[in-house]
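> Here is my input, please return the structure:
(one chain, ligands or ions: 1)
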Amino acid sequence: MKKLAIGITCYPTVGGSGIVASQLGSELAKLGHRIHFISYEPPFRLDLGQPNVFFHKVEINEYQLFKYPDYTLPLAVKMVAVAQKHKLDLLHVHYAVPHATAALLATSILKAQCRRAPHVVTTLHGTDITLLARDPNLGPIIKYSIESSCGVTAVSESLRKETIAVLRTKKPIQVVHNFYRAAAPSRERAAIRRSLKLRDGDFVLVHMSNLRPVKRFLDTLRVLAELQDVPRVKLLILAGGGFEEFKAAVKEMGIADRLVIRRDVVDIENYVHAADAGLYTSEKESFGMGVLETMSFGKPVVATGVGGVPEIVIDRKTGFLAKLGDVKAMARHVRKLASDPKLAEEMGAAAKARAAEEFSAEKSVTRYLEYYQTVMSSCPGAERMSAVAGD
Ligand code: GMT
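Take a look at the predicted model:
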């Protein structure tokens with residue numbers, strides 16, 4: 001296959017979509033493709049020191065004339081410049097708004113200049129559809145941006161179906177599940193546990209998220225509170241957001257001494273490795289990167305069976321699924337795992353095997369590359385203009 005020049009735009013802050021975009025870029029770069037990240041700052045977990053990976057910063061000036069600074073227009077202008085200079089074959093954008101909208105604007109500008117325009121592939125990660133598409137001020141532009149992209153992917157079958165239902169669109173949407181390549185921990189499990197002040201007999205639950213309301217993090221705390229009679233069950237929180245708002249609830253539940261909190265952790269392998277299981281209580285989750293990451297380290301996961309989560313966790317095999325808000329059931333599942341080390345180990349091994357077989361970098365990257373090929377050979381919107389000048 002020809003080596004491609006690909007522009008990637010994502011939200012660079014802590015969050016699954018940025019992690020997926022960064023991982024995908026790194027894997028493609030390893031295969032010899034040239035990857036140009038275009039955003040207002042480098043993505044959170046992206047290693048910019050690796051070969052074939054470049055970063056192009058979108059500068060935003062604030063003018064008094066505008067009450068709200070705009071990002072979409074400077075992003076589109078930067079996409080035009082990068083596409084032209086680096087002869088991009090594709091712009092793979094994560095999230096329809098504003099990224100696909102900016103990419104479509106960029107391709108229109110290039111075509112108007114009779115220049116080669118990259119094919120636009122948009123990956124849907126969730127919030128676009130589950131929240132923003134229902135807003136009448138955004139819904140139409142999201143629908144337009146999706147339908148005008150050369151190709152559209154969704155990170156789960158659940159999100160694909162929801163997109164079709166919410167937008168009433170006939171646009172074909174390809175499911176490419178997220179993937180995770182677990183890095184090897186650089187420290188021994190016992191050493192990590194000691195540094196986190198965890199004891200040998202503790203049963204440690206890990207929860208990784210940005211603690212947004214959609215994560216229903218209070219439910220996670222409530223599960224711990226339900227297990228007051230098993231004080232050795234601890235909760236390790238790798239937070240991508242502030243913890244302040246939960247402090248009062250923690251005090252009221254009397255669980256403060258059972259929590260270990262770390263913020264904005266990059267080397268998650270050095271923490272998840274020290275846990276015994278995962279706990280995720282989200283009300284919406286188009287995929288659930290935290291769930292997959294936890295399973296990749298051989299830990300069973302107790303989670304609400306919402307959105308794409310049942311596509312990852314096999315109930316009673318790689319963990320336990322519960323109904324949204326059923327804190328008592330989740331506490332029962334944790335109690336079972338904590339009291340039966342053999343079961344926890346078997347489920348953890350099954351979780352790791354499933355993560356490696358179904359959600360590997362190799363599998364997902366191959367699917368993306370095949371999809372790029374399909375899009376590039378079938379999408380008429382971006383063929384080289386006949387009067388191309390100077391590219
Ligand atoms: O869940 C978040 O708060 C972050 C959000 C994001 O934009 O990164 O995550 C979404 O994309 C992830 C990667 O595809 C998925 O694993 C998450 O399930 C999805 N979040 C929601 O659907 C709420």
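> Would you pull up how far stretch 119-133 lies from the middle of the chain?
12 Å (CA atoms, centre = their mean, to the nearest Å).
> Ok, stretch 347-358 next?
Centroid separation for stretch 347-358 versus its chain: 19 Å, with CA atoms, centre = their mean.
> Export only the CA atoms of it, formatted as CSV.
Extracted C-alpha coordinates of stretch 347-358, given in CSV (Å, rounded to 0.1, in the frame of the first residue of the first chain):
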residue,chain,number,x,y,z
MET,A,347,-12.2,-13.3,34.7
GLY,A,348,-9.1,-11.0,34.6
ALA,A,349,-7.3,-13.5,32.2
ALA,A,350,-10.5,-13.7,30.0
ALA,A,351,-10.6,-9.9,30.0
LYS,A,352,-7.0,-9.6,28.9
ALA,A,353,-7.5,-12.2,26.2
ARG,A,354,-10.6,-10.5,24.9
ALA,A,355,-8.9,-7.1,24.8
ALA,A,356,-5.9,-8.6,22.9
GLU,A,357,-8.0,-10.5,20.4
GLU,A,358,-10.8,-8.1,19.7
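> Pull out the buried positions in it.
Within stretch 347-358, the residues that count as buried by 16 or more other CB atoms under 10 Å are 347-348, 350-352, 354-356, 358. In this view, the C-beta of every residue, glycine as well, is placed from N, C-alpha and C.
> Any chance of these in CSV with secondary structure, distance to the ligand and pLDDT as columns?
Shown next, in CSV, are the buried residues of stretch 347-358 (DSSP: H, G, I helix; E, B strand; the rest coil; distance: CB to the nearest ligand atom, whole Å; pLDDT from 0 to 100):
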residue, secondary structure, distance to the ligand, pLDDT
M347, helix, 21, 98
G348, helix, 21, 98
A350, helix, 21, 98
A351, helix, 16, 98
K352, helix, 19, 98
R354, helix, 16, 98
A355, helix, 14, 98
A356, helix, 18, 98
E358, helix, 15, 98
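> The protein: strands as residue ranges?
In the chain, the strands defined using DSSP state E lie at 5-9, 34-39, 53-57, 90-94, 119-124, 151-154, 174-175, 203-209, 233-239, 259-263, 277-280, 301-304, 319-322.
> For S108, which of those strands is the nearest?
strand 119-124 (10.6 Å; CB to CB).
> care to break this structure down by domain?
Following automatic domain parsing, the chain resolves into domains at 5-179+360-382, 189-358.
> Do stretch 152-171 and the ligand come into contact?
Yes - using CB under 6 Å from any ligand atom, stretch 152-171 reaches the ligand at V155.
> Quick one: name the residues of this structure near the ligand.
11, 15-18, 20, 125-127, 130, 155, 178, 210, 212, 214, 284-289.
> Make a markdown table out of the strands of the chain and add mean neighbour count.
Output for the strands of the chain, formatted as a markdown table (neighbours: other CB atoms under 10 Å):
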| stretch | mean neighbour count |
| --- | --- |
| strand 5-9 | 25 |
| strand 34-39 | 24 |
| strand 53-57 | 16 |
| strand 90-94 | 28 |
| strand 119-124 | 27 |
| strand 151-154 | 24 |
| strand 174-175 | 16 |
| strand 203-209 | 25 |
| strand 233-239 | 23 |
| strand 259-263 | 15 |
| strand 277-280 | 27 |
| strand 301-304 | 27 |
| strand 319-322 | 24 |
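> how about those in JSON lines, adding distance to T374 and mean pLDDT?
Below are the strands of the chain laid out as JSON lines (distance: least, CB to CB, whole Å; pLDDT from 0 to 100):
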{"stretch": "strand 5-9", "distance to T374": "15", "mean pLDDT": "98"}
{"stretch": "strand 34-39", "distance to T374": "20", "mean pLDDT": "98"}
{"stretch": "strand 53-57", "distance to T374": "25", "mean pLDDT": "98"}
{"stretch": "strand 90-94", "distance to T374": "12", "mean pLDDT": "98"}
{"stretch": "strand 119-124", "distance to T374": "10", "mean pLDDT": "98"}
{"stretch": "strand 151-154", "distance to T374": "7", "mean pLDDT": "98"}
{"stretch": "strand 174-175", "distance to T374": "8", "mean pLDDT": "98"}
{"stretch": "strand 203-209", "distance to T374": "34", "mean pLDDT": "97"}
{"stretch": "strand 233-239", "distance to T374": "37", "mean pLDDT": "98"}
{"stretch": "strand 259-263", "distance to T374": "41", "mean pLDDT": "97"}
{"stretch": "strand 277-280", "distance to T374": "33", "mean pLDDT": "98"}
{"stretch": "strand 301-304", "distance to T374": "33", "mean pLDDT": "98"}
{"stretch": "strand 319-322", "distance to T374": "34", "mean pLDDT": "98"}
